[in-house]
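Colleague: Requesting a structural model of the entry that follows:
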Amino acid sequence: MKRFAPYVFLSELATRWDVLAFFVIIGLIAFLGETSRGLFAPLSQLSSVPLSLDPIHLPEYAARTTFRMLAGLVLSLIFTLTYATWAAKSERAGKLLVPILDILQSVPILGFISITVVFFLSLAPGRVLGAEFASIFAIFTSQAWNMAFSFYQSLRTIPTELTEAAESFRLSPWMRFWQLEVPFGMPALIWNMMMSMSGGWFFVVASESISVGHTTVALPGVGSYIALAIAQKNLEAIGWAIFTMLIVILLYDQLLFRPLVAWVDRFRVEQEPGVRVPNSWALTMMRRSRLIQAATVAFHAAVLWTSRAVKRSDTPLPQDIPQPKRSLDLLWVSLVIAAVVLGLWHIVAVLIANTPLREAIQVCGLAFLTMLRVFILIVLASLIWVPIGVWVGMRPSAAQMVQPVAQFMAAFPANLLFPIAVFGIVRWRLDPDIYLSPLMILGTQWYILFNVIAGASAIPAEMRYVAANFRVSGWLWWRKVALPAVLPFYVTGAITASGGSWNAAIVAELASWGDTQVKASGLGAYIAEATTAGDFHRIVLGIGTMSLFVVVINRFFWRPLYYYAERKYRLT
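Modeller: Model (predicted):
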């Protein structure tokens, strides 16, 4: 006789995973409601209700900062899936879009704030919403570029056999995008999303405590809290800010990135038997919750409907009609050159009219000093993190342990180390040109580590087995197996790390702790001083010089190296 189980009907309605999912969803709704409160309040309210260093306000500040960073991440993902895809699929468009991406990543975040803050404030005159737009856009500019570079690199290195399989199954361009290209690029993109989230933390002080000339806006958030603590020399508040950051990073690691890492493991090119796959309690909850499964089914149905709506065109082009590709290329290149020349002429005309030759030479000299620091720091970071990244990427269990630690270290704002740096430099009379330099690489070296981990995790098992069977080891293994396999990923990380280091120079070359200020000679300090003074002419001169240096370095060094890695070490 079957034993009677009381309340068995409740298990038919909802499982324990449904209950857990319900509380998580309610918590997210409450989080969104709390962070959206006060968006349409008058802007004057920010000054009437000043920021407080009381730790009791940190949960609210952390929620607002996290909301801004997640909003910036969503915008960055949309930008990546559209912009990078267009650049990778259209050779004509890529000739313009990739250099534009180089220029955009070279423009410092203070440059974007200086140029756009008035525009965003005018979208919602006298309202907090305009300042929120400016802050989210500033965070977006610290997240989007490396994600776009990563997805562009993935689309350019899709194995030939996968492309041929998509052609054999007669996939439409829309279905090919969602069934092949996005899944193939997703593992590397997830690691770069984690890096972008951490990069947002690195620049969170500049994005929430906006000060350009006579315009000063301090939005409630962890970044503004840190800026106020630095201004007041409050070490206890700095400690509370670090503790809050740790809690927030652990939360979104468990609820967002750990499930994503476990989910995208299914999209690896090959699955090695017997290897421990990543796991996540949050992903298990999503898979077993009927409520979330219903939403997933609806999403899949929408994707299938759009896939059927976008038909594949198999009509061959007549052979006797000449293709206007070359003439279109010439027209496109001519238009691009005309637009670039017109823009440069306008900028140069303004700068020449207001810039003495002595100041222009001085700014170029400062740019050379910053460039020298960036090169040395990139080399040192590569020597340290490439071997570690390969070791971690080839061991999924190690990657799970390293992931939250690396996220926290990457998210650690250099501003929090200013007290130590300023105190040490002043106390022992050290050279700021040398001892402020490490602050430039603190937040950007992780681009190299995260991309190398993604590249090492994508090394096919058969390649490792062949190397083991032929007893390839030591330096020969690194030269023939590991380094060629991760080189395309490394170059992507190094490009973004280089651009990020130029940006970080603005924060690192001019460190302050209360009224004490330490300055290193470089272009970053020049732009920081111009931004604080609201000198638009010097801001444009500094940003233009920095962009020119970064673009030239990318064009003549990083891009040739990238195309070499893409052409020679592509998986086929």
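Colleague: The helix or strand containing Tyr526: what's the following helix or strand?
Modeller: Per DSSP states H and E: Tyr526 is located in helix 523-533. Under the assignment DSSP H and E, the closest C-terminal helix or strand after helix 523-533 is helix 536-553.
Colleague: Between helix 523-533 and that following helix, find me the angle.
Modeller: Angle of helix 536-553 versus helix 523-533, following axes from the mean of the first three to the mean of the last three CA atoms, to 10 degrees, is 150 degrees.
Colleague: Which other helices and strands does helix 536-553 contact?
Modeller: Contacts defined by 3 or more CB pairs under 8 Å, 6 or more residues apart in numbering; DSSP states H and E place helix 536-553 against helix 91-106, helix 109-123, helix 325-354, helix 357-393, helix 483-508, helix 523-533. In short, each C-beta sits where N, CA and C put it, glycine included.
Colleague: now the angle from that helix to helix 109-123?
Modeller: Angle, helix 536-553 to helix 109-123, by the same axes, to 10 degrees: 130 degrees.
Colleague: List the buried residues of the helix or strand just after helix 536-553.
Modeller: Per DSSP H and E, the first helix or strand lying C-terminal to helix 536-553 is helix 559-568. For helix 559-568, the neighbour count (16 or more other CB atoms under 10 Å) marks 559, 561-562, 565-566 as buried.
Colleague: Reformat those residues as CSV; add distance to Val550.
Modeller: CSV is the format used below for those (distance: CB to CB, whole Å):
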residue, distance to Val550
Arg559, 12
Leu561, 15
Tyr562, 15
Ala565, 20
Glu566, 21
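Colleague: Please name the nearest non-neighbouring residue to Ala508.
Modeller: Leu439 (3.6 Å; CB to CB, 6 or more residues apart in numbering).
Colleague: Can you name the residues in contact with the one helix or strand that neighbour maps to?
Modeller: Using DSSP H and E, Leu439 sits within helix 438-441. With contact meaning CB atoms under 8 Å, 6 or more residues apart in numbering, helix 438-441 is reached by 373-374, 377-378, 380-381, 414, 417-418, 421, 497, 501, 504-505, 507-509, 511, 524.
Colleague: Let's see that with 6 Å instead.
Modeller: 377, 381, 414, 501, 504-505, 508 (CB atoms under 6 Å, 6 or more residues apart in numbering).
Colleague: Nearest to Val74 among the residues you listed?
Modeller: Top of the list for closeness to Val74, among the contacts of helix 438-441 and by CB to CB, is Ala504 at 24.3 Å.
Colleague: How many residues are close by the closest residue to the closest one other than its chain neighbours?
Modeller: Spatial nearest neighbour of Ala504, excluding adjacent residues (CB to CB, 6+ apart): Met440 at 4.6 Å. By other CB atoms under 10 Å, the residues close to Met440 number 28.
Colleague: same thing with Ala520?
Modeller: Quick note: Ala520 (other CB under 10 Å) scores 24 neighbours.
Colleague: What values do phi and psi take at it?
Modeller: phi -100, psi 150 (degrees, to the nearest 10).
Colleague: give the contact list for it.
Modeller: Each residue near Ala520 by CB under 6 Å, 6+ apart is listed here: 432-433, 436, 509.
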